[in-house]
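In: Prediction below, plus the sequence it came from.
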Amino acid sequence: AQKVTQAQTEISVVEKEDVTLDCVYETRDTTYYLFWYKQPPSGELVFLIRRNSFDEQNEISGRYSWNFQKSTSSFNFTITASQVVDSAVYFCALSEASGETSGSRLTFGEGTQLTVNP
Amino acid sequence: GAGVSQSPRYKVAKRGQDVALRCDPISGHVSLFWYQQALGQGPEFLTYFQNEAQLDKSGLPSDRFFAERPEGSVSTLKIQRTQQEDSAVYLCASSETWIEAFFGQGTRLTVV
């Protein structure tokens, strides 16, 4: 069975601080996809990144960066120079790559509430 | 529309009442998913459609939950005889490929 663990329930930082959100996953599949989503108060889940299990290269997009380490089953997310607008709940998710007939159902972690204070 | 649209945004139902939640996916998206998100939790998978075919309904919590997508576009999630534990946000997502899903804003259901 798949499982995603986000041990940090809530994080509070002051604007301009760097913050890392942790994600640890479990899966028996050798091929899988990892995701991060942002959920602002409006409720919509906003896609941030997708990573496949064969690509361990770290990625940077503006102030966001992701560190994928297969050896520790972790896919951590760092926000550099945080801003108040980054305040939201962030979800890490896992999808197995079983093919089109089973879709891409996501297994989510419980989320981390990030509050960035001015 | 440009994104996934769900209606109503909010629904209050009396225990025992039937409810129907609607999802308008992004035009042309083959795949459609329903998720249930309890307060303070991550979304949990309910069911998956590929066009009009319901290929996976393993996440539906009971036979009171029923989903359909008769013409392969709009989908309806129906909950019969609602109970308090059904209170949650119901999220719909659609995707063109089977990898990346786009989510709607959800329907917040409160059963009183």
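Out: Here it is on my side, so go on.

In: From now on I want contacts and neighbour counts done on CA atoms only, so please keep to that.
Out: OK.

In: what's the most centrally placed residue in chain B in contact with, if anything?
Out: Taking CA atoms, centre = their mean, the centroid of chain B lies closest to residue B:34, which sits 3.7 Å from it. With contacts defined as CA atoms under 8 Å, 6 or more residues apart in numbering or on different chains, the neighbours of residue B:34 are B:45-48, B:77, B:90-93.

In: which one of these is nearest residue A:88?
Out: residue B:91 (17.2 Å; CA to CA).

In: Show the pLDDT at that closest one.
Out: We have a pLDDT of 96 for residue B:91.

In: show me what contacts it?
Out: Shown in contact with residue B:91 (CA under 8 Å, 6+ apart): B:34-37, B:43, B:103-107.

In: Report the buried members of those residues.
Out: B:34-37, B:43, B:103-107 (16 or more other CA atoms under 10 Å in any protein chain shown).

In: So which of the residues you listed are in strands?
Out: Taking DSSP state E as the definition of strands, the buried ones among the contacts of residue B:91 contribute B:34-37, B:103, B:107.

In: Identify, from these, the entry nearest to residue B:24.
Out: Closest to residue B:24, out of all of these and judged by CA to CA, is residue B:103, at 10.7 Å.

In: Surely that closest one and residue B:35 touch.
Out: No: the pair residue B:103 / residue B:35 is not scored as a contact, 9.7 Å apart, by CA atoms under 8 Å.

In: Need the overlap of contacts for those two.
Out: By CA under 8 Å, 6+ apart, the residues touching both residue B:103 and residue B:35 are B:91-92.
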